[in-house]
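Chemist: from the sequence below, what's the structure:
(2 chains)
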There are 2 protein chains.
Amino acid sequence: MSEVGIRAAELADAAVAGDRRALARLLTAVENRTAIAEAALRRLYPSTGRAHLVGITGAPGAGKSTLVAALIAEARLVGRAVAVVAVDPSSPITGGALLGDRVRMQAYASDDGVFIRSMASRGHAGGLAATSTSAATVLDAAGFDLVLLETVGTGQSEVEVAATADTTVVLEAPDMGDEVQAIKAGLLEVADIVVVNKGDRPGAQRTAAQLRAMLTVTASPRLATASPRVASAARDQAADKPRPKRPEVLITTATTGEGVPALLAALDRHRAAGRDGLAAAARLARAEAQVWAIVSERLRGRFHGAAAGPATESTLRAVAEHRLDPYTAADRLLESLTGGRSPA
Amino acid sequence: MSEVGIRAAELADAAVAGDRRALARLLTAVENRTAIAEAALRRLYPSTGRAHLVGITGAPGAGKSTLVAALIAEARLVGRAVAVVAVDPSSPITGGALLGDRVRMQAYASDDGVFIRSMASRGHAGGLAATSTSAATVLDAAGFDLVLLETVGTGQSEVEVAATADTTVVLEAPDMGDEVQAIKAGLLEVADIVVVNKGDRPGAQRTAAQLRAMLTVTASPRLATASPRVASAARDQAADKPRPKRPEVLITTATTGEGVPALLAALDRHRAAGRDGLAAAARLARAEAQVWAIVSERLRGRFHGAAAGPATESTLRAVAEHRLDPYTAADRLLESLTGGRSPA
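Modeler: Got it, this is the predicted structure:
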């Protein structure tokens, strides 16, 4: 086995054996997309697929972090190991999130059943969903029953991240402004469960009623991002299965924990129901996204790498000097990249 | 010539001839990445490279739109044709920006020397920078001397967009909060010119002084996003040329127009100075980004397309069912995509 392979195996096995320092180091490797992370993920992947991956997203101010803390507490009460990956793709400032984590971690410093980790943005988008999926794979292998992907914002990348989960929870607060109303529309498309938090506020019931009215039966959110081929394969697979239900709308008050046991139960119900064809389709779509992210990154590396050679540079120079249009250049480089196969 | 080719040629020629409706339709095609857009860009590209492409970014509330309006007015005074592409990658709500444009357009309804256009996010990131670059190419071909790329937010995509310009202007307001201070750091990396707007506010001079102190000599911002190969080629090319200067820091009051003529002059100075090696390097880096965006989209299409075939689907299914890890799957699909060439 290669040096990298050996170190990856040691790190992976230690993380799986419960060594939290090894787990943290492995997650850093995943975040930085190192060769060690890849080798470790290759090793761990076959033994994963047990954890329930839950995406939690929603407009800022809806109380995501507080709800996540309440979910951790509730899950611990019933003896389940919980890991949280807090994803903040847009902000150049991760210090805040990290600090928040340290504070949250304090409460569980001596509890091996809780692990919280922040991930900042790395490189091109799409990469973020791939990285958080890989992080979830590692935490799954490390034996966490429940892995929460908490996204900070409501941008496209966050929605992508939330959509990689088995169950996607969209958080709302009562009577948010017009802008948030507009944001809702996009977010609700990926919701398996909608939570109106801050349930002790006036208007919580009305907001929940409005949301129930807005929500129509939707296909699995993951299909929205799947390729036509996978989406149709998914539908075939799901054809003889019960149609997906309209997303449940729950009300919680994270600060007091009210409604949180019901949310945990709803998560379990969705996962149980999710053993049908659409859930399999969602997993297929997620696999496609994961694999494409890796393929794309490798092709990018080849394109940018020395392998592309001087021919590439002179072609790019011709484009820069407007002697050649970028499409003709792309066709040429595509051929050199793909060994003579011209694009369909 | 194909049907698409003929229609693209008609649309492109009409847009270049000054038909604003044709121009708008062509920009819509560019935004939607249609075959007509591609054919039109192939046709137009060789005749472009004349316009000065200026990226304008900065924290929300710094007054970007007002400054852009002031720049338009000033440029018109000296008889230059100005086009604006307002880019809003993150928000699911583009109505606001579009409405803002209509309002701004009113003032120039009868002026063929001004064209303003909003672009929302489309598809995966990186794609946005590619789309706005293509839009700029069209506007360049349509004869606009100055093309302003105004980005709405300060996320990674916006910085990427701003960095595709010949000259990147980063806007600040006096004494913005800590968060904005932190955002500055990331933004300033791509700044060729820094503008402290709202110069009539107390603290404008102090903010400008702080910024001058913060700013150190930087390489051309575009190199930050370039591949190592292009970046080094760029440095070689620039080696015998004067080093880039520390970004200029100017103070404007967009609402009164104060300082705007000086900004326009600074833009011209930067462009003139930019005829050195680093500017050529920046153009090379931009070409690389453009071409890679096209290559990547085509490979993605092939990967998702039926061309990938049932072998792809069964491989993805194996990953979804955790029988195969995504990296091994990626290696296999990469081979099928690239005709047997295994990754380096």
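Chemist: could you use CA atoms for every contact and neighbour count after this?
Modeler: OK.
Chemist: what residue ranges in chain A score low on pLDDT?
Modeler: Flagging of chain A using pLDDT under 70 yields the residue ranges A:88-106, A:120-127, A:152-159, A:163, A:176-187, A:216-245, A:274-278, A:305-308, A:338-344.
Chemist: that one: strands as residue ranges?
Modeler: Assigned by DSSP state E, chain A shows strands spanning A:52-58, A:82-88, A:114-120, A:146-151, A:167-172, A:193-196, A:248-251.
Chemist: any chance of CSV for these, columns mean neighbour count and distance to A:Ala213?
Modeler: Listed next are the strands of chain A as CSV, based on neighbours: other C-alpha atoms under 10 Å in any protein chain shown; distance: least, C-alpha to C-alpha, whole Å:
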stretch, mean neighbour count, distance to A:Ala213
strand A:52-58, 27, 19
strand A:82-88, 24, 30
strand A:114-120, 21, 35
strand A:146-151, 26, 26
strand A:167-172, 28, 15
strand A:193-196, 24, 12
strand A:248-251, 21, 10
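Chemist: how about the ones you listed in JSON lines, adding distance to B:Ala24?
Modeler: Formatted as JSON lines, the strands of chain A follow (distance: least, C-alpha to C-alpha, whole Å):
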{"stretch": "strand A:52-58", "distance to B:Ala24": "35"}
{"stretch": "strand A:82-88", "distance to B:Ala24": "36"}
{"stretch": "strand A:114-120", "distance to B:Ala24": "38"}
{"stretch": "strand A:146-151", "distance to B:Ala24": "37"}
{"stretch": "strand A:167-172", "distance to B:Ala24": "37"}
{"stretch": "strand A:193-196", "distance to B:Ala24": "40"}
{"stretch": "strand A:248-251", "distance to B:Ala24": "43"}
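Chemist: out of these, which comes closest to B:Leu333?
Modeler: strand A:52-58 (26.1 Å; C-alpha to C-alpha).
Chemist: whether the closest one contacts chain B - can you check?
Modeler: No: applying C-alpha under 8 Å from any C-alpha of the partner chain, one finds strand A:52-58 separated from chain B by no less than 13.5 Å.
Chemist: quickly run through the sheet partners of that strand, with directions.
Modeler: Strand A:52-58 has the following strand partners under DSSP bridges: strand A:146-151 (parallel), strand A:167-172 (parallel).
Chemist: chain center to stretch A:294-311, what's the gap?
Modeler: Distance of stretch A:294-311 from its chain centroid, counting by C-alpha atoms, centre = their mean, to the nearest Å, is 26 Å.
Chemist: and for stretch A:190-206?
Modeler: 22 Å.
Chemist: end to end on it, go ahead and measure it.
Modeler: Taking C-alpha to C-alpha, to the nearest Å, the first and last residues of stretch A:190-206 lie 22 Å apart.
Chemist: list the buried residues in it.
Modeler: A:190-200, A:204-205 (16 or more other C-alpha atoms under 10 Å in any protein chain shown).
Chemist: farthest-separated two in the residues you listed?
Modeler: Maximum distance among those (C-alpha to C-alpha): 25.7 Å, for A:Val190 and A:Asp200.
Chemist: quick one: is stretch A:281-289 near chain B?
Modeler: Yes: applying C-alpha under 8 Å from any C-alpha, one finds stretch A:281-289 touching chain B at A:283-284, A:286-288.
Chemist: let me see the domain layout of chain A.
Modeler: With domains defined by automatic domain parsing, chain A comprises A:1-47, A:49-219+A:226-273, A:279-344.
Chemist: now these as TSV including distance to B:Phe115?
Modeler: Listed next are the domains of chain A as TSV, based on distance: least, C-alpha to C-alpha, whole Å:
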stretch	distance to B:Phe115
domain A:1-47	43
domain A:49-219+A:226-273	28
domain A:279-344	24
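Chemist: distance from stretch A:53-70 to the middle of the chain?
Modeler: Put simply, stretch A:53-70 sits 13 Å off its chain's centre (C-alpha atoms, centre = their mean).
Chemist: with stretch A:195-207 instead?
Modeler: Taking C-alpha atoms, centre = their mean, the mean C-alpha location of stretch A:195-207 is offset from the chain mean by 27 Å.
Chemist: same question, stretch A:267-284
Modeler: 16 Å.
Chemist: end-to-end on it?
Modeler: Stretch A:267-284: ends 20 Å apart by C-alpha to C-alpha.
Chemist: in CSV: the buried residues of stretch A:190-206, plus distance to A:Val138.
Modeler: Output for those, formatted as CSV (distance: C-alpha to C-alpha, whole Å):
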residue, distance to A:Val138
A:Val190, 24
A:Ala191, 25
A:Asp192, 24
A:Ile193, 25
A:Val194, 27
A:Val195, 28
A:Val196, 31
A:Asn197, 30
A:Lys198, 33
A:Gly199, 34
A:Asp200, 37
A:Ala204, 37
A:Gln205, 39
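Chemist: what sits against the residue nearest to A:Gly18 when sequence neighbours are not counted?
Modeler: Leaving aside its chain neighbours, A:Gly18 sits nearest to A:Ala142 (6.7 Å; criterion: C-alpha to C-alpha, 6 or more residues apart in numbering or on different chains). Going by C-alpha atoms under 8 Å, 6 or more residues apart in numbering or on different chains, A:Ala142 touches A:15-18, A:23.
Chemist: neighbours of A:Asn32, how many?
Modeler: Per other C-alpha atoms under 10 Å in any protein chain shown, the neighbour tally for A:Asn32 reads 14.
Chemist: helices of the stretch 51-200 of chain A, residue ranges please.
Modeler: A:64-77, A:95-106, A:127-141, A:156-163, A:178-188 (DSSP state H, counting those that start in this stretch).
Chemist: ok so, going back, nearest to B:Leu215 among the buried residues of stretch A:190-206?
Modeler: A:Val190 (42.6 Å).
Chemist: in chain A, which residue is most central in space?
Modeler: A:Val161 (3.1 Å; C-alpha atoms, centre = their mean).
Chemist: state the distance from the closest residue to that one other than its chain neighbours to chain B.
Modeler: Of all residues not flanking A:Val161 in the chain, A:Ala129 sits nearest, at 4.6 Å (C-alpha to C-alpha, 6+ apart). Distance of A:Ala129 to chain B, given as C-alpha to the nearest C-alpha, to the nearest Å: 12 Å.
Chemist: A:Thr164 is in contact with A:Ala129, correct?
Modeler: Yes: look at A:Ala129 against A:Thr164 with C-alpha atoms under 8 Å: they come within range, at 7.1 Å.
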